[in-house]
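Chemist: Predicted coordinates and the sequence they were generated for:
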Amino acid sequence: MSASTDSYRILLQERDIHTLHHNIFADLILHSQNSDGGWGYRQGLHSTVEPTAWSILALLAIEGPSGTAISSACEWLHRMQTDKGAWPTSSGKDEGCWVTALACLALANSPRPSNDAIIRGTEWLCDTWPAEGDLLWRLRHRRQQKSETVVHQDHSLRGWGWTPDTASWVEPTAYVMILLQSLAPEIRPPQAARRLQLGEKMLYDRACPGGGWNAGNPLVYGVAGAPRIGPTAWALLALRHNPTHSTVSEGLQWLEQNYQSPRSPASLALTQLCLKVYGRATRSIETELDGFYRNNQFLQSIPVVAWASLALTDLPCWLNNSPPAKDAI
Amino acid sequence: MSYSNTRLVPPYHRSSSAVAIRAVSSYEADVEAILWETLQELAPPVRDKAVLIKPNFVEPDMEGTINTHPVVIRAAREAFLRLGASSVVVAEGPGHERDTEGILEVLRLKDFLGPLERCFVDLNTDDVSQVSTRTQASKLKSLYLPKTVLGAEFVVSMPKMKTHHWVGVTLALKNMFGIVPGNCYGWPKNVLHWAGISKSILDINSTVRPDFAIVDGIVGMEGNGPIQGRPKASGVLVAGDDPVAVDATCARIMGLVPERIDYLKRAALLLGNMEEERINQLGESVVSTRQPFDILPAFQSLRA
């Protein structure tokens, strides 16, 4: 039995599952923190940006802004920022990528946010374009035609990719949109409004026929792709300021259908978070999360523990904010 | 060690490869006995080695046509342990779906393998090391690869037998895309598409060449694979000590000409044998098991 399982069992014996489960997840996160301040994807792995960012956001939601765990994690994130303002996935790498949005989100919500670090990160995000969809790319692909016939989507609608010089995908686009929407106007880059508009249109374009989103290929050779919980939840969270849009309504409907029989703790937690943001009916999910944890220990995934924690707490301010100012969208 | 021992051998220095074809009517058949008998015959050198099985898990699939069937994975794990492997871990980094646990739950992998924390590693979130690719066919030049893969002593690629809408077919070589970690490259691992799929297949397999391959063709996928195609009950397991020879044999069973598949042609230069005369065929014959797969119009030129 793993160390994390032992920790969980001991912690659970001491507490009431229905009222304090989120504290148990918080303790699991705290016990998994590395000595350098960051978190790995699993306990014992090297620190990487994504689990560190989610752990900060989860601890902030559960315990508030105090505590040395959050401050040391923020310091680790600051050390990871590259000269260009972006974040690589982990130390030893110098190329910024999708985790930049999550690092900025965590720092922006930290007790003592460094505006300089956040501004440089968001400027990098707003200055970084995916490789597809510019004029040269469209001219080249008009000649080749193949990509156009395989995946039917509007390549001029550009969001954000996972890595530089690749295509736009749903989840990294949603992460950046959630970040930009949550920032105060004075630290939002001037290009943010245009990028948010394009990102929003891209998400609508990439929705699966019938509702929901997958990674970002809704139609391949004319066949509808199946939506997935994760991309659907993140896309809906990024589009939460347009709840009456038909694509949003369809996505929510699909998500609610799948809420009845969740297959994993990640899908349950993200669905719960999303439905709460939209004010839809939710249920108590502590017992279900407990069952998932006893089944596979969430595959020891720190981000999943963090998402579960977020799903059990009040909505964090970065998802509970007002729509961006009119000039921003 | 599979990584450091990666062999890049031109054809004129290469010995012949052994590939076995077994007829297996369904997943209810005694797959364990059939695979044990096959591996005894092929005798992969796994004694006292840490074996890593790399299945093909892409996304949740209720119909069982996208992902390698857990019956076959369990049978392979048991066989390698009986052959003296010091450990056998199942490791995969699904390409389209971050929710690995959701895929494993739909597969019911735990029911077949037992507690997953003891036998499964999510390669998408593993610690990584940067390695230069042994070939430089694509613009990748180097890759971050999971330490679990780089530390394995014997790597087994275990794909599903499927068509593929970008490169024609996906088998043992293409399956190795799954060792490239999502946390570094995303879901999907789009950087490999932009670097050129065929060239990336060569670079990945030259860097971590599978020591063995077992293809689940009991039910494969034809048409618009690797996700949206139709089930194809081809009723075979194909196993061998050379992933190129295994893929070439599978292509022939699927009614395709391996020499016309771009990445196989490239791989045959350095990684293994494609020509029939250099493959020691065991078990059933290609002719007796051939069941042409429907393929997309863009790949009709691959047909035999």
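Modeler: That came through fine.
Chemist: Give the helix, strand or coil label for the closest residue to chain B within the stretch 151-300 of chain A.
Modeler: Relative to chain B, the nearest point of the stretch 151-300 of chain A is residue A:162 (2.4 Å; CB to the nearest CB). Bear in mind the C-beta positions are built from the backbone N, C-alpha and C, glycine included. Of the three states, residue A:162 takes coil under DSSP: H, G, I helix; E, B strand; the rest coil.
Chemist: what's the neighbour count on it?
Modeler: Counted with other CB atoms under 10 Å in any protein chain shown, residues neighbouring residue A:162 total 26.
Chemist: Might you report the residue contacts of the closest residue to it other than its chain neighbours?
Modeler: Nearest non-adjacent residue to residue A:162, counting by CB to CB, 6 or more residues apart in numbering or on different chains: residue B:186, 2.4 Å away. By CB atoms under 8 Å, 6 or more residues apart in numbering or on different chains, residue B:186 lies in contact with A:97-98, A:161-163, A:166, A:169, A:172.
Chemist: any idea how far residue B:186 lies from residue B:242?
Modeler: 31 Å (CB to CB, to the nearest Å).
Chemist: Helix, strand, or coil at residue A:78?
Modeler: Quick answer, by three-state DSSP: residue A:78 is helix.
Chemist: Not counting sequence-adjacent ones, nearest residue to it?
Modeler: residue A:117 (6.0 Å).
Chemist: which other helices and strands contact the host helix or strand of that neighbour?
Modeler: Using DSSP states H and E, residue A:117 falls within helix A:115-127. Judged by 3 or more CB pairs under 8 Å, 6 or more residues apart in numbering or on different chains; DSSP states H and E, helix A:115-127 is in contact with helix A:99-108, helix A:170-182, helix A:192-205.
Chemist: Kindly recompute the last result at 7 Å.
Modeler: Helix A:115-127 is packed against helix A:99-108, helix A:170-182, with contacts defined by 3 or more CB pairs under 7 Å, 6 or more residues apart in numbering or on different chains; DSSP states H and E.
Chemist: and it, which residues are buried?
Modeler: Under the neighbour-count criterion of 16 or more other CB atoms under 10 Å in any protein chain shown, helix A:115-127 has A:117-126 buried.
Chemist: show me what contacts the residue most central in space within chain A?
Modeler: Residue closest to the average C-alpha location in chain A (CA atoms, centre = their mean): residue A:175, at 4.9 Å. Contact partners of residue A:175, counting by CB atoms under 7 Å, 6 or more residues apart in numbering or on different chains, are A:98, A:101-102, A:234.
Chemist: and residue 133, what pLDDT?
Modeler: Here I'm looking at chain A. As predicted, residue A:133 sits at a pLDDT of 73.
Chemist: was after chain B, sorry
Modeler: For residue B:133, the model assigns a pLDDT of 96.
Chemist: Just give the number of residues close to it.
Modeler: 21.
Chemist: Residue B:18 belongs to a helix?
Modeler: No: going by three-state DSSP, the assignment for residue B:18 is strand, not a helix.
Chemist: picking that back up, got the angle for the helix holding residue A:117 vs helix A:170-182?
Modeler: Note on geometry: by axes from the mean of the first three to the mean of the last three CA atoms, to 10 degrees, helix A:115-127 and helix A:170-182 are set 130 degrees apart in direction.
Chemist: Would you mind listing what in chain B touches chain A?
Modeler: B:60, B:96-102, B:105-106, B:110, B:116-117, B:122, B:125, B:127, B:165, B:183-188, B:190-191, B:194, B:224, B:228, B:296 (CB under 7 Å from any CB of the partner chain).
Chemist: Mind checking which of the residues you listed are in strands?
Modeler: Counting by DSSP state E, the part of the residues of chain B next to chain A found in strands is residue B:122.
Chemist: If any of the residues of chain B next to chain A are buried, put those into a PyMOL selection.
Modeler: Applying 16+ other CB under 10 Å to the residues of chain B next to chain A leaves a buried subset, and the PyMOL line that selects it is:
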select buried, chain B and resi 60+96+97+98+99+100+101+102+105+106+110+116+117+122+125+127+165+183+184+185+186+187+188+190+191+194+224+228+296
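Chemist: all strands of chain A, in order?
Modeler: A:219-220, A:223-224.
Chemist: Least confident of the ones you listed, on average?
Modeler: strand A:219-220 - the lowest mean pLDDT of these, at a mean of 74.
Chemist: Where does pLDDT dip in the chain?
Modeler: Assuming you mean chain A. Low-confidence segments of chain A (pLDDT under 70): A:1-22, A:142-152, A:322-329.
Chemist: wrong one, I was asking about chain B
Modeler: B:1-7.
Chemist: which residues of the stretch 151-300 of chain B fall in strands?
Modeler: B:154-158, B:160-164, B:168-170, B:212-222, B:230-232, B:236-240, B:279-283 (DSSP state E, counting those that start in this stretch).
Chemist: need these in a markdown table with mean neighbour count and distance to residue A:37, can you?
Modeler: Shown next, in a markdown table, are those (neighbours: other CB atoms under 10 Å in any protein chain shown; distance: least, CB to CB, whole Å):
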| stretch | mean neighbour count | distance to residue A:37 |
| --- | --- | --- |
| strand B:154-158 | 26 | 35 |
| strand B:160-164 | 27 | 42 |
| strand B:168-170 | 26 | 41 |
| strand B:212-222 | 27 | 42 |
| strand B:230-232 | 17 | 49 |
| strand B:236-240 | 28 | 47 |
| strand B:279-283 | 18 | 54 |
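Chemist: what about these, which gets the closest to residue B:72?
Modeler: Taking CB to CB, strand B:212-222 is the member of the strands of the stretch 151-300 of chain B nearest to residue B:72, at 4.7 Å.
Chemist: In its sheet, which strands sit next to that closest one, and in what direction?
Modeler: Strand B:212-222 pairs in its sheet with strand B:154-158 (parallel), strand B:160-164 (parallel), strand B:230-232 (antiparallel), strand B:236-240 (antiparallel), by DSSP bridges.
Chemist: Need those in CSV (columns: distance to residue B:86).
Modeler: Output for the strands paired with strand B:212-222, formatted as CSV (distance: least, CB to CB, whole Å):
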stretch, distance to residue B:86
strand B:154-158, 10
strand B:160-164, 28
strand B:230-232, 36
strand B:236-240, 21
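Chemist: Of the helices and strands packed on helix A:115-127, which is nearest residue B:173?
Modeler: Closest among the helices and strands packed on helix A:115-127, using CB to CB: helix A:170-182, at 27.8 Å.
Chemist: can you give me the angle the closest one makes with helix A:99-108?
Modeler: 30 degrees.
Chemist: how far is helix A:170-182 from where the chain is centred?
Modeler: Counting by CA atoms, centre = their mean, to the nearest Å, helix A:170-182 is centred 7 Å from the centre of its parent chain.
Chemist: Now do that helix and helix A:192-205, the angle between them.
Modeler: Using the same axes, to 10 degrees: helix A:170-182 against helix A:192-205 is 140 degrees.
Chemist: List the contacts of residue B:81.
Modeler: Residue B:81 neighbours (CB under 7 Å, 6+ apart): residue B:88.
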